[in-house]
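[1] return a 3D structure for these sequence lines:
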Amino acid sequence: MKEYSKQSKLLAAIDCIIFGFDGQHLKILLIKRGFQPAMNKWSLMGGFVKSNESFDESANRILKQLTGLEGIYLEQFYAFGDPKRDPIGRTISIAYFALIDIHKYEKQISHEYHAEWFNINEAPRLIFDHAVMVKMAREKLKYKAGLHPILFELLPAKFTVPQLQTLYEEIYSTALDKRNFIRKIRSTGLLIKQKEKDKNSKRGAFYFKLDKKKYEKQFETFLNIIPNAHKLW
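    Numbering: from 1, shown residues only. Below is the predicted model:
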């Protein structure tokens, strides 16, 4: 088969925005870039797509190689194609965002590439257009979190309702009414109350678990967990 004539060749890259939650703060996982240009500068997890890979396969490989993480929630959300975004050559970046419970994966994260967590609002300056990617990923996350139970991916197996509310407040950068939040969350039918209580909380809040069967069944259903979420951002 003949090659396409008179067509310029482009590089395809993957960049991953990894969001994590430590029980109090929304964070982002960054690494120090291991090659030029911008070597040793803070960067998103990234790499080039191999000729025999799909974008999803490439994203999972890059995450495993650079951070040691695998088997986490990963979603493609945008393609960045400014001709001048990479000073070396024309490179299109397919961007993904990932959601993880920090405590669950803290032992799994590789330190070979200096992977480090930062509070989302205190992250260092990033290379190229990575700050734009992060901003867009946050907006996508806010949108999806208002409609779908996606934020449960950031929580441990057992969690309290106050922890869940703190997570939503971190995502939307605002305080939520406690009573309305509890009522809306319980109305989804996704929570299974446990007998155990959180001994570290002031009032001994009960632990809950996610009903995984309902979660998988209702994940794409418009649950509208945060009513009028668009007004919060």
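[2] pretty sure residue 166 belongs to a strand, no?
    No - per DSSP: H, G, I helix; E, B strand; the rest coil, residue 166 lies outside any strand segment and is helix.
[3] help me confirm that it comes into contact with residue 22.
    No - with contact defined as CB atoms under 8 Å, residue 166 does not reach residue 22; the gap is 10.4 Å. From N, CA and C alone the C-beta is placed, and that goes for glycine too.
[4] these two: who's more crowded?
    Using other CB atoms under 10 Å, the more surrounded residue of residue 166 and residue 22 is residue 166, with 18 against 14.
[5] what's near enough to touch the more buried one?
    23-24 (CB atoms under 8 Å, 6 or more residues apart in numbering).
[6] pull up the gap between it and residue 154, please.
    Per CB to CB, to the nearest Å, residue 166 is found 11 Å from residue 154.
[7] could you do residue 180 as well?
    21 Å.
[8] compare the two (neighbour count), which wins?
    residue 154 (26 against 11).
[9] so how far is residue 45 from the more buried one?
    17 Å.
[10] residue 104 too?
    With CB to CB as the criterion, residue 104 and residue 45 are 18 Å apart.
[11] these two: which is more packed in?
    Per other CB under 10 Å, whichever of residue 104 and residue 45 has more neighbours is residue 45, with 23 against 14.
[12] name the SS class of the residue lying closest to the more buried one once chain neighbours are set aside, please.
    Excluding its sequence neighbours, the residue lying closest to residue 45 (CB to CB, 6 or more residues apart in numbering) is residue 16, at 4.3 Å. What three-state DSSP gives for residue 16 is strand.
[13] confidence score at residue 16?
    On the pLDDT scale, residue 16 is placed at 96.
[14] now the helices: where do they sit in this structure?
    Ranges of helices within the chain are 55-67, 102-105, 130-147, 161-172, 178-187, 212-218, based on DSSP state H.
[15] picking up where we left off before, specify the beta-bridge partners of the residue nearest to residue 45.
    Residue 16 forms beta bridges with residue 45, residue 96, as assigned by DSSP bridges.
[16] ok, it - contacts?
    44-46, 59, 62-63, 74, 95-98.
[17] now swap in residue 76 and tell me
    55-56, 59, 94-96.
[18] buried residues in the helix or strand bottoming out on mean pLDDT in the chain, which are they?
    Within the chain, confidence by mean pLDDT, DSSP states H and E is lowest for helix 102-105 among all helices and strands, at a mean of 82. Neighbour counts over helix 102-105 (16 or more other CB atoms under 10 Å) mark 102, 105 as buried.
[19] residue 115 touches residue 65, doesn't it?
    No - assessed by CB under 8 Å, residue 115 is found out of contact with residue 65, at 11.2 Å.
[20] show me which of the two is the more surrounded one.
    Higher neighbour count among residue 115 and residue 65: residue 115, with 18 against 14, using other CB under 10 Å.
[21] give me the distance between that one and residue 177.
    Counting by CB to CB, the gap from residue 115 to residue 177 is 37 Å.
[22] since that was my last question, I'll sign off now.
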